[in-house]
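[1] below are the sequence and a predicted model for it; my questions follow.
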Amino acid sequence: MPTTITCRYEGALRCGATHAPSGSALVTDAPVDNQGKGEAFSPTDLVATALATCVLTVMGIVAERHGIALEGAQVRVEKSMTSGGVRRIALLEAWIDLPAGLSSDQWQLLVRAGETCPVKVSLEGNVPMRFHWGTVA
């Protein structure tokens, strides 16, 4: 069943979005380097955010299924835009910090889960992800 998200242009390069199933809302703003005020996530920032939260969510599903404590895990995504031609995301690079105390099997299970995140596998091109073991206290 599809999920409906409704977006509305508010003017001044700002948009509002509402997630129909939950009623949750967010605002986007064009970035300063693209004529905006940069006062909220840009649409391409949301792509980077979607990648990070998807990786954590998929790993969380697997962690809960296997009784692995994943609390405190973090993902940092750096987004680079093209500098010429059609404006687009040139690179999304992700660093994943996982809790200390994982066994090798648990580590490998979580890495495999993170690599199968639907956002990552839906994006064209290379989405490098670097997992860090034991970096979260």
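    Here it is on my side, so go on.
[2] you'd agree V62 is in a strand?
    No. Read with DSSP: H, G, I helix; E, B strand; the rest coil, V62 is helix and lies in no strand.
[3] how close does the closest residue to it other than its chain neighbours get to Q74?
    Using C-beta to C-beta, 6 or more residues apart in numbering and skipping the chain neighbours, the partner closest in space to V62 is A113 (4.1 Å). (Each C-beta comes from the backbone N, C-alpha and C, glycine too.) A113 sits 16 Å away from Q74 when distances are taken as C-beta to C-beta, to the nearest Å.
[4] ok, P21 next?
    Using C-beta to C-beta, we find P21 at a distance of 27 Å from Q74.
[5] so what's Q106 up against?
    H66, I68 (C-beta atoms under 8 Å, 6 or more residues apart in numbering).
[6] among A113 and Q74, which residue is more densely surrounded?
    Neighbour comparison, A113 and Q74: the larger count goes to A113, with 19 against 14 (by other C-beta atoms under 10 Å).
[7] assign the more buried one to helix, strand or coil.
    Once three-state DSSP is applied, A113 turns out helix.
[8] which SS state does I68 fall under?
    coil.
[9] check which helix or strand the residue nearest to it when sequence neighbours are not counted maps to.
    Counting by C-beta to C-beta, 6+ apart, Q106 is the residue found nearest to I68 once chain neighbours are left out, at 5.3 Å. The secondary structure element spanning Q106 is helix 104-115 (assigned by DSSP states H and E).
[10] pLDDT of that helix, averaged?
    Per-residue confidence for helix 104-115 averages out to 96 on the pLDDT scale.
[11] buried residues, stretch 127-137. List them.
    Within stretch 127-137, the residues that qualify as buried are V127, M129, F131, W133, counting by 16 or more other C-beta atoms under 10 Å.
[12] for S83, see how far away the third one is.
    To S83, F131 is 29 Å away according to C-beta to C-beta.
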